[in-house]
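**Q** Give me a 3D structure for the following:
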Amino acid sequence: MWKTRKSKDILPVLFAETNNSSSIRGSRHAAALVWKGNIVSVGHNKLKSHPAMCQFHRKGQIFLHAEVDCILRAINLGYQDVFPKCELYVVRARAKSGLLGDSEPCEGCKQFISAVKIKEVYWS
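**A** Reported below is the predicted structural model:
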């Protein structure tokens, strides 16, 4: 379930989306949910909280992660029934250099992703 893959189509688009993210601990993250080859939702890390973050993340790390933001947006758009058929992509840009960084989801995000039954997750 947890793997990395370089995608010529998704990762460059998503990397550009990191410019819309808040810089948290020196990084900007963005996530995209893909169904049938189309991006159906994009999320960014934000300096705000959400009840889902409190449930799945350790104390002190409750700012909204890009993965959770993306999934919540997809739920609001009505895509929750196709989550098992979707792929989630996550990228990280280092705030100072703008270079691509490792963006493996944290344990709390992994739990949240598993809870909504997304099976395929790729990160930079």
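**Q** ok, the closest residue to Leu99 other than its chain neighbours - contacts?
**A** Nearest residue to Leu99, sequence neighbours excluded (CB to CB, 6 or more residues apart in numbering): Ala93, at 7.1 Å. Just so you know, the C-beta spots here come from the backbone N, C-alpha and C atoms, and that holds for glycine as well. Ala93 sits next to Phe15, Thr18, Asn19, Ser21, Ser27, Arg28, His29, Leu99, Leu100, Gly101 when contact means CB atoms under 8 Å, 6 or more residues apart in numbering.
**Q** I'd like to know which of those are buried.
**A** For these, a burial check counting by 16 or more other CB atoms under 10 Å picks out Phe15, Thr18, Ser21, Ser27, Arg28, His29, Gly101.
**Q** now, among the contacts of Ala93, which is nearest to Ser114?
**A** His29 (18.7 Å; CB to CB).
**Q** Surely the closest one is in contact with Asn20?
**A** No: with contact defined as CB atoms under 8 Å, His29 does not count as touching Asn20 (10.6 Å).
**Q** shared neighbours of these two, which are they?
**A** Contact criterion CB under 8 Å, 6+ apart; residues shared by His29 and Asn20: His44.
**Q** so what's Asp69 up against?
**A** Applying CB under 8 Å, 6+ apart, we find Asp69 in contact with Ala31, Gly43, His44, Asn45, Lys46, His50.
**Q** Same list, those, but as CSV with distance to Tyr122 and neighbour count please.
**A** CSV is the format used below for the contacts of Asp69 (distance: CB to CB, whole Å; neighbours: other CB atoms under 10 Å):
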residue, distance to Tyr122, neighbour count
Ala31, 10, 30
Gly43, 15, 26
His44, 17, 20
Asn45, 17, 25
Lys46, 22, 18
His50, 23, 16
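**Q** Flag the least confident of the contacts of Ala93.
**A** In this model, the minimum pLDDT among those belongs to Ser21 (71).
**Q** Tell me the spacing between it and Lys117.
**A** 25 Å (CB to CB, to the nearest Å).
**Q** Could you do Ala16 as well?
**A** 28 Å.
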